[in-house]
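K.L.:
could you work out the structure for the sequence below:
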Amino acid sequence: MKRKKIALFHPWIKSRGGSEKSVLEILKSRKYDVELYTWIYEESKTFEEFKKFKINVLAPKILRKISRTYLLKSLFLPISLFSKIPLKKYEYFLISTSGVAEFITFRNYKPKKTYGYIYTPLRAASKDIVNWNFQNRYKNFLSRFFYLIAVKFYKILEQIAWKRIDKAIFISELSLERARIKGLLKNKKTEIIYPPVNVEKFNKLKTNEGNYFLYVSRFNKPKRQDILLKSWKIFSKNHPQYKLVLAGNIENEKYFNEVKKLANETKNVEIKTNLNEIEIMNLYANCLAVVFVPFIEDFGIVPFEALATGKSLIAVDRGGYVQLINKNKQFHKIKEVPSEEKMINEINIGLEKFLKSKVVPKKINLKEVSSTNFIKKLEETFIK
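P.N.:
Here you go, the predicted model:
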């Protein structure tokens, strides 16, 4: 039987993040023939597996730097108007988006068969993130003014683009709630399919209890490695026997340099970048516990990798992952608070509470987030 064809659009393949992992799993579907379209593809900065698939690049290479710039990503709007995908060749059109990518529908739409896999409606246009950006990115009147103008303009275009998404599939209850609050779900079919985590592979790891805390995440301001380091400076004075390892790829060079400077001023900190999968898994296997402190993460793959490895998780109590693990005793909660000073204190409290905890961690395999469950649910959604 001939497999049905799906055109998959993901705006940029340029890092080793959760969205890229999801795209890879979709490409591996055995039930459907999936072809990938993107504006930007940087093969040296993403997963090696992408080289196995045909990738149709729609934008010129000169736009690579813009794709890494926070506000300038909106310049992909005019690019979307010229990005034509031959949708007549396909039974379905699937848009993988965290915001901006849905603009592709202005030129490309397959009636009743255009679906969205939504990591989140654009974070920069959400109320919580706007407030966080005011504190951390745009601190003067002029930058805040232009930011708010851009957000208002984006919201108008967002409403138009979402009218052409026939079914919206969300990665978490949190991302669905963001879309509901923004009024994007009127008369629209919705579903939640959690992103894929290779929990089986982490379950098989042979583990040891090392003397270091591990934080795995891309180096970018919302991931808050800087806040963790400021807290670690306090914690390490009382517990000099422990180390902190920050591991991940560099998403924001300027921010990474700030983190390096802070790390050099703090004892017992090691930064590791450009690691392969084996190196990352080895860090998980031999750490004491995993720390996870991004600002309201849309889902969060790291918590599930930590639990599957059999490690304790010390993480903020707001994020897409929380609903799935909220009652798990291995999840040691850090209270999310609005100010940087209070957040530094709450992280330190979370670390101290972990040391006093008597919970013995064990390997936890959540089937809801397995790669097998992800692709099964996604394939089923095209039948419904």
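K.L.:
what residue ranges in the chain are flagged as low confidence?
P.N.:
1, 61-82, 383-384 (pLDDT under 70).
K.L.:
domain parsing for it?
P.N.:
Listed by automatic domain parsing, the domain ranges of the chain are 4-195+368-381, 199-365.
K.L.:
now those domains as CSV including mean neighbour count?
P.N.:
Glycine gets a C-beta too; all of them are placed from N, C-alpha and C. Formatted as CSV, the domains of the chain follow (neighbours: other CB atoms under 10 Å):
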stretch, mean neighbour count
domain 4-195+368-381, 17
domain 199-365, 18
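K.L.:
can you give me the helices for the stretch 101-250 of the chain?
P.N.:
For the stretch 101-250 of the chain, helices defined by DSSP state H, counting those that start in this stretch occupy the ranges 127-136, 141-162, 173-181, 199-203, 225-238.
K.L.:
and those: which comes nearest Tyr41?
P.N.:
Proximity to Tyr41 (CB to CB) singles out helix 141-162 among those, at 22.4 Å.
K.L.:
what does the closest one contact?
P.N.:
If you take CB atoms under 8 Å, 6 or more residues apart in numbering as the criterion, helix 141-162 is touched by 71, 74, 77, 99, 102-103, 105-106, 121-122, 124-125, 130, 133-134, 137-138, 168, 182-184, 188.
K.L.:
surely Glu336 and Val322 touch.
P.N.:
No: contact criterion CB atoms under 8 Å: Glu336 and Val322 do not qualify, at 9.9 Å.
K.L.:
circling back: distance to Thr372 added to the helices of the stretch 101-250 of the chain, as JSON lines?
P.N.:
Shown next, in JSON lines, are those (distance: least, CB to CB, whole Å):
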{"stretch": "helix 127-136", "distance to Thr372": "33"}
{"stretch": "helix 141-162", "distance to Thr372": "30"}
{"stretch": "helix 173-181", "distance to Thr372": "21"}
{"stretch": "helix 199-203", "distance to Thr372": "8"}
{"stretch": "helix 225-238", "distance to Thr372": "32"}
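K.L.:
which of these sits closest to Thr114?
P.N.:
It's helix 141-162; of these, that one is closest to Thr114 (CB to CB) at 10.5 Å.
K.L.:
OK, contacts around Ile314?
P.N.:
Ile314 makes contact with Phe213, Ala289, Val290, Val291, Phe292, His332, Ile334, Gly350, Leu351, Phe354 under the criterion CB under 8 Å, 6+ apart.
K.L.:
mind listing the strands for the stretch 1-150 of the chain?
P.N.:
Applying DSSP state E, counting those that start in this stretch to the stretch 1-150 of the chain gives strands spanning 4-9, 12-13, 32-38, 40-41, 55-57, 92-97, 114-118.
K.L.:
would JSON lines of the ones you listed with distance to Asn249 be doable?
P.N.:
Below are those laid out as JSON lines (distance: least, CB to CB, whole Å):
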{"stretch": "strand 4-9", "distance to Asn249": "23"}
{"stretch": "strand 12-13", "distance to Asn249": "13"}
{"stretch": "strand 32-38", "distance to Asn249": "18"}
{"stretch": "strand 40-41", "distance to Asn249": "15"}
{"stretch": "strand 55-57", "distance to Asn249": "19"}
{"stretch": "strand 92-97", "distance to Asn249": "19"}
{"stretch": "strand 114-118", "distance to Asn249": "22"}
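K.L.:
quickly list what Glu297 is bridged to.
P.N.:
The bridge-partner assignment for Glu297, based on DSSP bridges, gives Gly319.
K.L.:
ranges for the strands of the stretch 251-384 of the chain?
P.N.:
With strands called from DSSP E, counting those that start in this stretch, the stretch 251-384 of the chain shows them at 269-272, 289-292, 312-316, 331-334.
K.L.:
could you redo those strands as JSON lines and give each row distance to Glu305?
P.N.:
Below are these laid out as JSON lines (distance: least, CB to CB, whole Å):
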{"stretch": "strand 269-272", "distance to Glu305": "16"}
{"stretch": "strand 289-292", "distance to Glu305": "8"}
{"stretch": "strand 312-316", "distance to Glu305": "10"}
{"stretch": "strand 331-334", "distance to Glu305": "13"}
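K.L.:
which one of those lies closest to Lys362?
P.N.:
Lys362 lies closest, by CB to CB, to one member of these: strand 312-316, at 10.2 Å.
K.L.:
parallel or antiparallel, which strands does the closest one pair with?
P.N.:
Sheet pairing of strand 312-316 (DSSP bridges) gives strand 289-292 (parallel), strand 331-334 (parallel).
K.L.:
give me phi/psi at Leu205?
P.N.:
Note on Leu205: its backbone torsions stand at phi -70, psi 140 [degrees, to the nearest 10].
K.L.:
ok, now which ones touch the closest residue to it other than its chain neighbours?
P.N.:
Spatial nearest neighbour of Leu205, excluding adjacent residues (CB to CB, 6 or more residues apart in numbering): Ala285 at 4.5 Å. Ala285 makes contact with Leu205, Lys206, Thr207, Asn208, Thr309, according to CB under 8 Å, 6+ apart.
K.L.:
10 Å instead, please
P.N.:
By CB atoms under 10 Å, 6 or more residues apart in numbering, Ala285 lies in contact with Phe202, Leu205, Lys206, Thr207, Asn208, Gly210, Thr309, Gly310, Lys311.
K.L.:
next, format the residues you listed as a markdown table and append distance to Leu229.
P.N.:
A markdown table is the format used below for the contacts of Ala285 (distance: CB to CB, whole Å):
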| residue | distance to Leu229 |
| --- | --- |
| Phe202 | 26 |
| Leu205 | 27 |
| Lys206 | 30 |
| Thr207 | 26 |
| Asn208 | 25 |
| Gly210 | 19 |
| Thr309 | 24 |
| Gly310 | 26 |
| Lys311 | 21 |
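K.L.:
looking at those residues, which is nearest Tyr32?
P.N.:
Phe202 (27.2 Å).
K.L.:
how much space separates that closest one from Glu25?
P.N.:
Applying CB to CB, to the nearest Å, the value for Phe202 to Glu25 is 16 Å.
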